[in-house]
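Enquirer: what's the 3D shape of this:
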Amino acid sequence: MNDLAPLLTPEGRALLDEVRGTAPADELAVATRLRRDHPAALVSAALGQALLRQRAAAKFGAEDAGRMFFTPNGVEQSTRASVATYRAQRLKALGVRSVADLCCGIGGDAIALARAGIRVLAVDRDPLTAHTARANADALGLAGLVEVREADVTEVDTASYDAVFVDPARRSGRGRIFDPEAYSPPLSWAVRAALQAPHAALKVAPGIPHEAVPAEAEAEWISDGGDVKEAVLWFGTEPGAVRATLLPGPRTLLSRGLPDPEVRPVGRFLYEPDGAVIRAHLVAEVAEQLDGGLLDATIAYITADERHVTPYASAYEITDQLPFNVKKLKALLREREVGVLTVKKRGSAVEPEELRRKALPKQHGPNSATVFLTRVAGAPTMLLGHPA
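Expert: Numbers count the residues shown, from 1 in each chain. Model prediction:
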């Protein structure tokens, strides 16, 4: 889809309504029927948009996605609505009333900001992307709060805005970009832009090295439903602070600068910290809550003798500990009549699917189990258990 304009016409909108929810298996038949009365290019664009809307429902919800417009890159790279809403609420709580949204993409963050009552200047240099962002603000009734501008973000004057939000491109034609200075624009430029505003938020990859976080910034790692989504560098809040935030909630864990937990023998329970906790290097804070220690100095699994409830880690009751040995595991699974095996690993090169294929008995039993492939005090180990 190189031009959004035909889909915004009355004919285009009517076609979008007609192809809504078309299953991939039905596309050919639907396209053949519609091309009798409509231009082939418009039919193809409408069907393509219908497919993108279906894909976008996971991020934006079916209701919004069914009214919005998307590009393939926009669906892939846009922020999940729950995360954008959380971030917008943080900015609102800081007293922010206007934001320059630089590298706005299809407008997902601009939508969340506007719904929080914040006036937004949304900027993107790609003409189709900017056109899509403008169409989305209009489709959701937010055009009065969102101004979309097609421009190079490095040339935009943001002095009149309370805050700057920057979401640099972190993908190229060759895939993901891991070097923050290879972002477009580079992280160093985004930091300079942030330091010129009263408040700022820079969206970065969750794998950003801690040493790359500027001293003036607060670093926050965010997960949604257990999946790590992004890291945000905040300016004008708490310089040097580190936090992990879990959605829904939000639930936030702040760093207290604790030393690494001690290594302990395997206890009755194993705790798997949320990915945001691990990325934020806050395993020690969770271990203290659980009165636990580590299975291995280099592995982010916590062990404890007591069952504790925490939003920051998933608990498993461990029933068996054995050295890594597929035959012994298979015999144990047969004895326990296990037919469904969940494989989790840290510090092991074994592929979960390969282990399931080799270890599960041919006669699948009615029970389920979880096996952790890890190291205990440096030794390759298998821990068998189930969610507590």
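Enquirer: angles on the backbone of residue 142, please.
Expert: Phi and psi for residue 142, reported as degrees, to the nearest 10, are phi -120, psi 10.
Enquirer: name the nearest residue to it, ignoring sequence neighbours.
Expert: Leaving out its chain neighbours, the residue that sits closest to residue 142 by C-beta to C-beta, 6 or more residues apart in numbering is residue 114, at 4.3 Å. Bear in mind the C-beta positions are built from the backbone N, C-alpha and C, glycine included.
Enquirer: tell me the secondary structure at that neighbour.
Expert: Here residue 114 is helix, with the state taken from DSSP: H, G, I helix; E, B strand; the rest coil.
Enquirer: residue 43 now?
Expert: Strictly by three-state DSSP, residue 43 counts as helix.
Enquirer: residues in contact with it?
Expert: Residue 43 makes contact with 15, 31, 34-35 under the criterion C-beta atoms under 8 Å, 6 or more residues apart in numbering.
Enquirer: just name the closest of those residues to residue 378, please.
Expert: Nearest to residue 378 among these: residue 31, at 59.6 Å, using C-beta to C-beta.
Enquirer: hmm, residue 46 and the closest one touching each other?
Expert: No: counting by C-beta atoms under 8 Å, residue 31 stays clear of residue 46, with 9.2 Å between them.
Enquirer: who has more neighbours out of these two?
Expert: It is residue 46, of residue 31 and residue 46, that has more neighbours when counted by other C-beta atoms under 10 Å, with 28 against 17.
Enquirer: how about residue 183, nearest residue that isn't a chain neighbour?
Expert: residue 168 (3.7 Å).
Enquirer: re earlier: intersection of neighbour lists for residue 31 and residue 46?
Expert: Shared contacts of residue 31 and residue 46, counting by C-beta under 8 Å, 6+ apart, come down to nothing at all.
Enquirer: got the contact list for residue 8?
Expert: residue 135.
Enquirer: ramachandran angles for it?
Expert: phi -90, psi 0.
Enquirer: okay, and residue 296 sits in which element?
Expert: Assessed by DSSP states H and E, residue 296 sits outside every helix and strand.
Enquirer: wait, it sits on residue 374?
Expert: Yes: using C-beta under 8 Å, residue 296 is in contact with residue 374, at 6.9 Å.
Enquirer: give me the more crowded residue out of these two.
Expert: Neighbour count, other C-beta under 10 Å: between residue 296 and residue 374, residue 374 has more, with 23 against 18.
Enquirer: list the buried residues in whichever strand or helix holds residue 319.
Expert: Residue 319 is located in strand 313-323, with elements delineated by DSSP H and E. Going by neighbour count (16 or more other C-beta atoms under 10 Å), the buried part of strand 313-323 is 313, 315-316, 318.
Enquirer: before we move on, what about stretch 294-308?
Expert: 294-296, 299-304.
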